[in-house]
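**Q** Below is the structure, and that's it, no one-letter string:
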């Protein structure tokens, strides 16, 4: 038998889940040994713990994307609020504008408290609550 | 075990625990492929991680036209090959097969004498000397038990070429094994 025939014979025997036994044919025995060894994993293969590292990288990437998203949202909100304020001030008469300004100045502590509480809730929500959400987000 | 479709839909819904299961299920396939292609232990882990991150990012594009293992092996093969090209500085790695036909015979240097003590070690060492295409088809066919058609899908080589490389790789290994066992 030539090499091609021997390789085909062993493959067919392997498909029948029966490993070919030893024979008188030297080449057949060599191929038999070779086929057995080829089924083994590389010896120098490192015992890599992939799972946690991969999940960690994905979480870091998600966190980075979230930060970019929040940054963009904040920028858009600032631009919209500034534009809206300018638009309202342009179209409001000076008496009403003065009344609004007086109201804000008179209640500056309350206004500051409302604004800072809102910001604080957003920060706490992002850093304390969302970080403790389990990985299963369904 | 949950079916692939269910696992994938969960991952796409943001369930990282399902992705963790998927990584565990296919990590041996990826590690073996990457190990045989790049043969650089220090880069092995980084490349394997890169493969699974690509799998995660591109999972939505998997359309169940092949087995998930074939698709993952395809990503592992192309990622490892690109890494090999980058570190070797070669754009095309197919040339090394024609250079390889006058494959060396074993010389009795101290290293080969040591290897003689262990046939397994010898064969693994000889596999590592084969061109990357031979190493890939040998690994996919024998270790990962992929069919010729699946190897064609993974590597992009025509089925005839896969069969031819497999035959030639095994013959080269057998010839050297014969010399080694004398």
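**A** Now that the structure is in, tell me what you want to look at. Remember, it's a predicted structure, so these values are computed and weren't measured experimentally. Numbering: from 1, shown residues only, chains lettered A, B, ... in the order given.

**Q** Make sure residue B:71 is actually in contact with residue B:62.
**A** Yes: between residue B:71 and residue B:62 there is a contact under Cβ atoms under 8 Å: 5.6 Å. Glycine gets a C-beta too; all of them are placed from N, C-alpha and C.

**Q** Between the two, which is the more surrounded one?
**A** Using other Cβ atoms under 10 Å in any protein chain shown, the more surrounded residue of residue B:71 and residue B:62 is residue B:71, with 22 against 16.

**Q** Let me know the helix or strand that that one is in.
**A** Per DSSP states H and E: residue B:71 is located in helix B:68-88.

**Q** Go through that helix and flag the buried ones.
**A** B:68-81, B:83-84 (16 or more other Cβ atoms under 10 Å in any protein chain shown).

**Q** Not counting residues beside it along the chain, what's closest to residue B:152?
**A** The shortest distance from residue B:152 to any non-neighbouring residue, by Cβ to Cβ, 6 or more residues apart in numbering or on different chains, is to residue B:159 (4.9 Å).

**Q** pLDDT value on that neighbour, please?
**A** Note for residue B:159: predicted pLDDT of 95.

**Q** State the distance from it to residue B:37.
**A** Residue B:159 sits 20 Å away from residue B:37, going by Cβ to Cβ, to the nearest Å.

**Q** Looking at the two, which is more packed in?
**A** Using other Cβ under 10 Å, the more surrounded residue of residue B:159 and residue B:37 is residue B:37, with 24 against 13.

**Q** pLDDT score for residue B:42?
**A** Note for residue B:42: predicted pLDDT of 83.

**Q** Which of the helices or strands spans it?
**A** Using DSSP H and E, residue B:42 maps to helix B:41-58.

**Q** Residue A:42 - that's part of a helix, no?
**A** No: going by DSSP: H, G, I helix; E, B strand; the rest coil, the assignment for residue A:42 is coil, not a helix.

**Q** Leaving out sequence neighbours, find the closest residue to the residue sitting nearest the centre point of chain B.
**A** By Cα atoms, centre = their mean, chain B has its centre lying nearest to residue B:33, at 2.8 Å. Distances taken as Cβ to Cβ, 6+ apart place residue B:76 nearest to residue B:33, at 4.4 Å, with adjacent residues excluded.

**Q** What of residue B:66?
**A** Leaving aside its sequence neighbours, residue B:66 sits nearest to residue B:153 (Cβ to Cβ, 6+ apart; 5.8 Å).

**Q** for the one you found, what are its contacts?
**A** Neighbouring residues of residue B:153 by Cβ atoms under 8 Å, 6 or more residues apart in numbering or on different chains: B:66, B:70, B:74.

**Q** Distance check, the first one against residue B:145.
**A** Just to be clear, that refers to residue B:66. According to Cβ to Cβ, residue B:66 and residue B:145 sit 15 Å apart.

**Q** Which one's more surrounded, these two?
**A** residue B:66 (15 against 10).

**Q** Run through the residues that contact residue B:124.
**A** Contacts for residue B:124 (Cβ under 8 Å, 6+ apart) come out as A:37, A:40, A:42, A:43, A:44.

**Q** The last one touches residue B:40, doesn't it?
**A** No: contact status for residue A:44 versus residue B:40: not in contact, 10.7 Å apart, counting by Cβ under 8 Å.

**Q** how near is residue B:148 to residue B:164?
**A** Counting by Cβ to Cβ, the gap from residue B:148 to residue B:164 is 11 Å.

**Q** cool, residue B:35 as well?
**A** 24 Å.

**Q** which of these two has more neighbours?
**A** Neighbour tally, residue B:35 and residue B:164, criterion other Cβ under 10 Å: the higher count belongs to residue B:35, 24 against 13.

**Q** element containing that one?
**A** For residue B:35, the element it lies in under DSSP H and E is helix B:16-38.

**Q** Show me the domain layout of chain B.
**A** Per automatic domain parsing, the domain ranges recorded for chain B read B:1-91, B:92-182.

**Q** is it possible to export the ones you listed to JSON lines including distance to residue A:111?
**A** Below are those laid out as JSON lines (distance: least, Cβ to Cβ, whole Å):
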{"stretch": "domain B:1-91", "distance to residue A:111": "38"}
{"stretch": "domain B:92-182", "distance to residue A:111": "64"}
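
**Q** Of those domains, which shows the lowest average pLDDT?
**A** Among those, domain B:92-182 scores lowest, at a mean of 81.
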